[in-house]
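S.K.: Model the structure of this input:
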Amino acid sequence: MKADADIAAAYAHCRQRAASHYENFPVASRLLPRELRGPVAAIYCYARDADDIADEDPRPAEERRVDLQRLQDRVRALDDPAAEATPEWRALADTLQRFDLPVGLFTDLADAFLQDLDKTRYQDFGEVIAYCRRSANPVGRLLLHLSKRDTQENLAFSDAVCSALQLINFHQDLYQDFAEHGRIYIPADEMAAHGVTEEHFRNRISDFRMRSLMQFQYRRADRLLRAGAPLGRALPGRLGLEIRAIIQGGARVLWRLRRQEDTFARPRLRTGDWLLILGRSVLPLRRRP
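M.R.: As a prediction, the model looks like this:
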């Protein structure tokens, strides 16, 4: 049937988009069960489009705010996949329809990007983690809903993993976030406690104060990642393997960050890193929290 062919083509388009964008963490990878790759890629495209409006669009913030709010309205109104003109929205409509996903998780994602238009400083870690709850945690929760593994325990583990990965992304993009968007996601009270000022970000100063501050951030992100690590063992088959690979990817980025003298350099995972991640994902070591 043409409708089925259109949906299949829409998912293929989303998978191609997800595969073409560089990420340090797997996105809709071949480790996932085949039936979930298309839906995960459709969710990724939604998040990527919202992120691009917030971060890549050169228009004034007010115009971008309107578009993000329209994005929220559109996802709330999704119903018939055949009525959608673009492959991303056709695939997303089919995903929502088939898996009965909570729409609030999608609007939470857009809320985080709306916040990025206005908020560029965070007073304490509570504000940062509240941002993570909307910018990162919905993705993990959606994956659990897709796989029908959305127990309260799994959701709590997922939140810990996703928040940790969001923090790691902040840590590896310190200079980019400041130079391109004027944002600092490191808590201001912790910066002050370590004697770090905005001059460190402006001039890429990696002195002992900045390194001390970031080593503190890395340790906290590692603890959070470890707290959520049981999720990789709780989920079966390829899904568990995918989650373990994502967790190991985050851990490896942290490992590289900890060893860099330049706290503003963005680490790149190499072939050896990916082989190590895969090996530890296939044969996971039990790590104490």
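
S.K.: what ranges do the helices span in the stretch 101-250 of the chain?
M.R.: Under the criterion DSSP state H, counting those that start in this stretch, the stretch 101-250 of the chain contains helices at 103-118, 125-135, 137-146, 152-172, 174-181, 188-193, 198-202, 208-228, 230-234, 237-259.

S.K.: So what's the model's average confidence on the longest one?
M.R.: Throughout helix 237-259, pLDDT has a mean value of 93.

S.K.: Could I get the buried residue list for it?
M.R.: For helix 237-259, burial by neighbour count (16 or more other Cβ atoms under 10 Å) applies to 239-254, 256-257. (Glycine included, C-beta is placed from N, CA and C.)

S.K.: that older thread, how about the helices of the stretch 101-250 of the chain in a markdown table, adding distance to residue 71?
M.R.: Below are those laid out as a markdown table (distance: least, Cβ to Cβ, whole Å):
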| stretch | distance to residue 71 |
| --- | --- |
| helix 103-118 | 5 |
| helix 125-135 | 14 |
| helix 137-146 | 14 |
| helix 152-172 | 20 |
| helix 174-181 | 19 |
| helix 188-193 | 30 |
| helix 198-202 | 30 |
| helix 208-228 | 28 |
| helix 230-234 | 29 |
| helix 237-259 | 25 |
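
S.K.: wait, which of the ones you listed is closest to residue 88?
M.R.: Closest to residue 88 of the helices of the stretch 101-250 of the chain, according to Cβ to Cβ: helix 103-118, at 12.6 Å.

S.K.: Which elements pack onto that closest one?
M.R.: When contacts are defined as 3 or more Cβ pairs under 8 Å, 6 or more residues apart in numbering; DSSP states H and E, helix 103-118 packs onto helix 34-55, helix 61-77, helix 125-135, helix 137-146.

S.K.: again, 10 Å this time
M.R.: Packing partners of helix 103-118 (3 or more Cβ pairs under 10 Å, 6 or more residues apart in numbering; DSSP states H and E): helix 34-55, helix 61-77, helix 87-99, helix 125-135, helix 137-146, helix 174-181.
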